[in-house]
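1. Return a 3D structure for these sequence lines:
(one chain, ligands or ions: 1)
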Amino acid sequence: MTRTPSYLTAIRDSYDTVAADYVQLVEDPAQLDPLSRAMLAAFAESVRAVDLGPVADLGCGPGKVTAHLAGLGVPVFGIDLSPKMIELARFAYPDLKFTVGSMTALPLRDDELGGILAYYSTHHTPPEQLPTLYAEFHRTLAPGGLLMLAGHAATDEPLHLRPAQAYGGHPVSYESHLLPVERIAELLIRARFLITARLTQEPDEGAKRTFATILARKAEHPLAP
Ligand SMILES: C[S@@+](CC[C@H](N)C(=O)[O-])C[C@H]1O[C@@H](n2cnc3c(N)ncnc32)[C@H](O)[C@@H]1O
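-> Here you go, the predicted model:
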């Protein structure tokens, strides 16, 4: 039997602890800034256009973004490591499908998905595990399938953060690993993705972190090694 890596246990337990406060504190996607909403709308329009299969919202949390995509006409379901988050998502959106699982080992077949959204959900994954994560995204996407990665990124050097508490002041044991957007794009290219767009939302003066969105796609035909 394989043991669950400790960083996944820390993510699961921490988000179970903060879930009830997280759902209150996190903005509704309709209240997000115009650029973030525009990127979600562009992703929704693109996955509808390629029409290659359902979209998985990986690290869906309480399902607000999943429901936002569903409202934009996307056939979407959510997966999250935290059973408490999934319980809240199922309660709030009983018509949508939500499953407990890890994006590091997805309970999905090869080429099954038309799209993957990972919205503020990959920054707890240690950088050395990102190639495995992106390989799993690549495996489960259909050729031509689309990926949208959005989340915290570093402006310059990688940042490693160990917050003692989060959302509502609860103790958390997860760590955050923020990489510059160029490094994330490089790792995606190594995982055989084609990058179609990248956006960084400029931080306040002197800030060491930013928000980055990358749109990518799995090639229709296998890429030459
Ligand atoms: C900051 S929350 C974002 C939730 C949601 N995407 C949103 O934007 O509101 C990060 C979520 O990612 C989930 N997560 C982190 N690593 C994961 C993994 N390996 N597999 C599945 N879920 C994961 C956490 O459990 C948590 O619910």
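
2. can we go C-alpha only for contacts and neighbour counts from here?
-> Noted.

3. shouldn't residue 161 be in contact with residue 177?
-> Yes: the criterion here is Cα atoms under 8 Å, and residue 161 meets it with residue 177 at 6.5 Å.

4. more crowded one of these two?
-> A count of neighbours by other Cα atoms under 10 Å puts residue 177 above the other of residue 161 and residue 177, at 18 against 12.

5. So for the longest helix belonging to the chain, what gets flagged as buried?
-> Determined from DSSP state H, the single longest helix within the chain is helix 6-25. By neighbour count on 16 or more other Cα atoms under 10 Å, the buried set for helix 6-25 is 8, 10-20, 22-23.

6. got the residues of this protein near the ligand?
-> Those residues of the chain that sit near the ligand, judged by Cα under 6 Å from any ligand atom, are 11-12, 15, 58-61, 80-82, 85, 101-104, 119-122.

7. residue ranges of the helices in this structure, please?
-> 6-25, 34-50, 64-71, 83-92, 130-140, 181-190.

8. which among the residues of the chain next to the ligand end up buried?
-> Of the residues of the chain next to the ligand, these count as buried by 16+ other Cα under 10 Å: 11-12, 15, 58-61, 80-82, 85, 101-104, 119-122.

9. Against which helices or strands is the longest helix of the chain packed?
-> Where contact means 3 or more Cα pairs under 8 Å, 6 or more residues apart in numbering; DSSP states H and E, helix 6-25 is packed against helix 83-92, strand 170-171.

10. and the first one, average pLDDT?
-> In other words, helix 83-92. Helix 83-92 comes out with an average pLDDT of 98.

11. now the angle from that helix to helix 64-71?
-> Between the axes of helix 83-92 and helix 64-71, defined by axes from the mean of the first three to the mean of the last three Cα atoms, to 10 degrees, the angle is 40 degrees.

12. what comes up buried for helix 83-92?
-> Here helix 83-92 shows 83-90 as buried, counting by 16+ other Cα under 10 Å.

13. For the longest helix of the chain, give me every contacting residue.
-> Contact with helix 6-25 is made by 61-62, 81-85, 88, 124-126, 166-168, 170-175, as judged by Cα atoms under 8 Å, 6 or more residues apart in numbering.

14. try it again with 7 Å
-> 62, 81-85, 167-168, 170, 172-174 (Cα atoms under 7 Å, 6 or more residues apart in numbering).

15. So for residue 204, what's the pLDDT?
-> Listed pLDDT for residue 204 reads 76.
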